[in-house]
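Student: predicted model, plus sequence, below.
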Amino acid sequence: MRYVVIGAGAVGGTIGVRLHEAGRDVVLVARGAHLAAIRERGLRLDEPERSRAVRVPAVATVTEVGWREGDVALLCTKTQDTPPLLDELQHAAPDVPVVCVQNGVENERLASERFAHVLGVCVMMPTEHLEPGRVVAHSGPVPGRLDIGVYPEGTDELSAAVAADLTAAGFASRPDAAIMRWKWWKLVVNLENVPEAVCGLADPDLRALVKAARAEGRACLDAAGVAYVSTEEARERRVAGMTVQAVDGHERTGGSTWQSLQRGAGSVEAEYINGEFVALGEKYGVPTPLNRLLLETITTMAAAGERPGAHTASELLAAAGLPG
């Protein structure tokens, strides 16, 4: 089995390097300056206990992979990049199994419209990608938790095999027949991403902002009858050895949305996180003023090339009509 990691950023790069080091066959799909750096120097993975540059085969597009029987596509991009990549992949390898190693719940929906065999992964992995050719994994000794299941439900031989390979590569991973329950729970967890990007990590009212955004999210899921993991069940799945740590004296600065703003990426995946709850709220009559405001604010900031911390949490709570 060969893993084709589509999107060798923070998550995909960490997974690709570790699978390669565990003796698995890996090809990375990257682009631009990041791809050039990987080809020139290898992909550098910095972790709490070690750093190394690892030479892993890398290509620019899925059409350059040279697909063969037994390949598995690990889709590790942001959701806004998923549709065109899936179209290219469908043309290049129409029968490949697709594993969505991504936040949100839209990726599996999109993949299932094009591919017969789709799996989802609940990603719990504090990583960073801020410069070409380098990714940072801030958890150790276990770099992350990557439970996997068939979409929309179930497990199979492939989910078991991928979980075993990820475990051999040092991750905590297990097949889970109800993986989308975990992905909906993670979607609520990810409602911290935009607040920390918009307000910065030092904002004294950040926790209140996140709590209010998550309350709206859970209310939407409850109204829609969407099954998601309880806080108690999530606590029971905590993995020993997953401890966020500094790397070379550098603390993790922020989540994926913060990193997108910091890199000046020009887009963020808030439409598929906050926007998911705004859409549910509209459909089921649940007010979501804060998540709507957060979505509008971060979209404007990304388009304008603003860096994190342009607003305050108290300002946004007041604008949404919520107590500070």
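Tutor: Perfect, I can see it now.
Student: which stretches of this protein form helices?
Tutor: For the chain, the helices defined by DSSP state H cover 10-21, 32-41, 82-92, 106-112, 157-168, 179-189, 193-199, 206-224, 231-236, 256-263, 274-284, 289-304, 313-319.
Student: can you lay out those as a markdown table showing distance to residue 75 and mean neighbour count?
Tutor: Any C-beta I mention is one placed from the backbone N, CA and C, and that applies to glycine too. Shown next, in a markdown table, are these (distance: least, CB to CB, whole Å; neighbours: other CB atoms under 10 Å):
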| stretch | distance to residue 75 | mean neighbour count |
| --- | --- | --- |
| helix 10-21 | 9 | 26 |
| helix 32-41 | 17 | 16 |
| helix 82-92 | 7 | 17 |
| helix 106-112 | 7 | 21 |
| helix 157-168 | 13 | 18 |
| helix 179-189 | 14 | 22 |
| helix 193-199 | 19 | 28 |
| helix 206-224 | 24 | 19 |
| helix 231-236 | 24 | 10 |
| helix 256-263 | 15 | 22 |
| helix 274-284 | 18 | 20 |
| helix 289-304 | 22 | 20 |
| helix 313-319 | 32 | 17 |
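Student: got a markdown table for those, with distance to residue 47 and mean pLDDT too?
Tutor: Below are the helices of the chain laid out as a markdown table (distance: least, CB to CB, whole Å; pLDDT from 0 to 100):
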| stretch | distance to residue 47 | mean pLDDT |
| --- | --- | --- |
| helix 10-21 | 8 | 98 |
| helix 32-41 | 17 | 98 |
| helix 82-92 | 27 | 98 |
| helix 106-112 | 26 | 98 |
| helix 157-168 | 16 | 98 |
| helix 179-189 | 22 | 98 |
| helix 193-199 | 22 | 97 |
| helix 206-224 | 27 | 98 |
| helix 231-236 | 24 | 95 |
| helix 256-263 | 17 | 94 |
| helix 274-284 | 31 | 98 |
| helix 289-304 | 29 | 97 |
| helix 313-319 | 32 | 97 |
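Student: out of these, flag the one nearest residue 127.
Tutor: In terms of CB to CB, the element of these nearest to residue 127 is helix 10-21, at 3.7 Å.
Student: distance from the closest one to the middle of the chain?
Tutor: With CA atoms, centre = their mean, to the nearest Å as the basis, the distance from the averaged C-alpha position of helix 10-21 to the chain average is 14 Å.
Student: just want the angle from it to helix 157-168.
Tutor: 80 degrees (axes from the mean of the first three to the mean of the last three CA atoms, to 10 degrees).
Student: and the closest residue to residue 289 other than its chain neighbours, how far from residue 313?
Tutor: Leaving aside its sequence neighbours, residue 289 sits nearest to residue 320 (CB to CB, 6 or more residues apart in numbering; 4.4 Å). Using CB to CB, to the nearest Å, we find residue 320 at a distance of 11 Å from residue 313.
Student: now swap in residue 233 and tell me
Tutor: 29 Å.
Student: likewise residue 283?
Tutor: Distance of residue 283 to residue 313, computed by CB to CB: 28 Å.
Student: dump stretch 43-63 to PDB, restricted to CA.
Tutor: Listed next in PDB are the C-alpha coordinates belonging to stretch 43-63 (Å, rounded to 0.1, in the frame of the first residue of the first chain):
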ATOM      1  CA  LEU A  43      10.800  18.100   4.400                       C
ATOM      2  CA  ARG A  44      12.000  19.300   7.800                       C
ATOM      3  CA  LEU A  45       9.900  18.100  10.700                       C
ATOM      4  CA  ASP A  46      10.500  19.700  14.100                       C
ATOM      5  CA  GLU A  47       9.200  18.000  17.200                       C
ATOM      6  CA  PRO A  48       9.700  18.500  20.900                       C
ATOM      7  CA  GLU A  49      12.400  15.800  21.100                       C
ATOM      8  CA  ARG A  50      14.000  15.900  17.700                       C
ATOM      9  CA  SER A  51      14.300  17.700  14.400                       C
ATOM     10  CA  ARG A  52      15.300  16.200  11.000                       C
ATOM     11  CA  ALA A  53      15.000  16.800   7.300                       C
ATOM     12  CA  VAL A  54      13.600  13.800   5.500                       C
ATOM     13  CA  ARG A  55      13.700  13.200   1.800                       C
ATOM     14  CA  VAL A  56      10.300  12.000   0.700                       C
ATOM     15  CA  PRO A  57       9.200  11.800  -3.000                       C
ATOM     16  CA  ALA A  58       7.200  14.900  -3.900                       C
ATOM     17  CA  VAL A  59       5.200  16.000  -6.900                       C
ATOM     18  CA  ALA A  60       3.300  19.200  -7.800                       C
ATOM     19  CA  THR A  61      -0.100  17.700  -8.800                       C
ATOM     20  CA  VAL A  62      -2.100  14.500  -8.500                       C
ATOM     21  CA  THR A  63      -1.700  14.000 -12.200                       C
END
